[in-house]
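Novice: Have a look at this prediction, sequence included:
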Amino acid sequence: KAGVTQTPRYLIKTRGQQVTLSCSPISGHRSVSWYQQTPGQGLQFLFEYFSETQRNKGNFPGRFSGRQFSNSRSEMNVSTLELGDSALYLCASSLEALNEQFFGPGTRLTVL
Amino acid sequence: QKEVEQDPGPLSVPEGAIVSLNCTYSNSAFQYFMWYRQYSRKGPELLMYTYSSGNKEDGRFTAQVDKSSKYISLFIRDSQPSDSATYLCAMSFLNTGGFKTIFGAGTRLFVKA
């Protein structure tokens, strides 16, 4: 069974731009969560989608948004990029609950 | 105070040593406890998952949960250089919007050959 895939793997943007990241969950998994990982803050929860609905949200500004499609694939968008948005963005999928999550390799975003 | 505390290390041990990794937590609502391993430039990989106090063993790995002390541990026996990675503890509980999961900061482990 294929794992969680994320595209692109690496991205370089400049301040003020926006970016869209994509995540394809494991087949059959309907829950997709997004995390931001930085050396200083560790793994921070952004939001979780289940059956195309946002079910949980972390404490990030409205510049961070997401959506989920009917095939469970998910996208995350960050608008008006700031230097502090440079991070590894991880997507995780699970069958129903969040307690057993399977992570993708992440998208490394660098904001210049 | 963070909900989950984990010493970031780094922790350096010789090959063959027993490694002990620990996390403490403050929220007694946590019901599920996980350990993830993350290699450089990779996503975290689920190693152990448990929901009850006591020990759970899987090969060289043992996860220990003490709910009364709000303390979890991961033991690695006969550590190998390939175990060098960052180990993240994670804990979750069920709330109205589904499960809420909090991760520790991660402990960097180096196993020297």
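Specialist: Great, that's in hand. Numbers count the residues shown, from 1 in each chain, chains lettered A, B, ... in the order given.
Novice: If B:S12 is in a bridge, with which residues?
Specialist: B:F110 (DSSP bridges).
Novice: Just want the phi and psi numbers for A:F47.
Specialist: The main-chain torsion angles of A:F47 are listed as degrees, to the nearest 10 and equal phi -170, psi 170.
Novice: Compute the number of surrounding residues for it.
Specialist: 21 (other Cβ atoms under 10 Å in any protein chain shown). Bear in mind the C-beta positions are built from the backbone N, C-alpha and C, glycine included.
Novice: Near chain A, which residues of chain B? Just list them.
Specialist: Contact residues of chain B with respect to chain A, defined by Cβ under 8 Å from any Cβ of the partner chain, are listed as B:32, B:34, B:36, B:41-46, B:49, B:51, B:88, B:92, B:94, B:97-106.
Novice: Mind giving me the ChimeraX command for buried ones among these?
Specialist: Buried subset of the residues of chain B next to chain A, written as a ChimeraX selection, criterion 16 or more other Cβ atoms under 10 Å in any protein chain shown:
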select /B:32,34,36,42,43,44,46,49,88,92,98,99,100,101,102,103,104,105,106
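Novice: tell me the contacts of residue 57?
Specialist: Picking chain A for this. Taking Cβ atoms under 8 Å, 6 or more residues apart in numbering or on different chains as the contact definition, A:K57 lies against A:L46, A:F47, A:E48.
Novice: think we crossed wires, I meant chain B
Specialist: The neighbourhood of B:E57, defined by Cβ under 8 Å, 6+ apart, consists of B:A63.
Novice: Wait, a strand at it?
Specialist: Yes. B:E57 sits within a strand when classified using DSSP: H, G, I helix; E, B strand; the rest coil.
Novice: Can you check the pLDDT for it?
Specialist: According to the per-residue confidence, B:E57 scores 95 in pLDDT.
Novice: Quick check: it vs chain A, distance?
Specialist: 18 Å (Cβ to the nearest Cβ, to the nearest Å).
Novice: who does B:L21 bridge with?
Specialist: Listed by DSSP bridges, the beta-bridge partners for B:L21 are B:L74.
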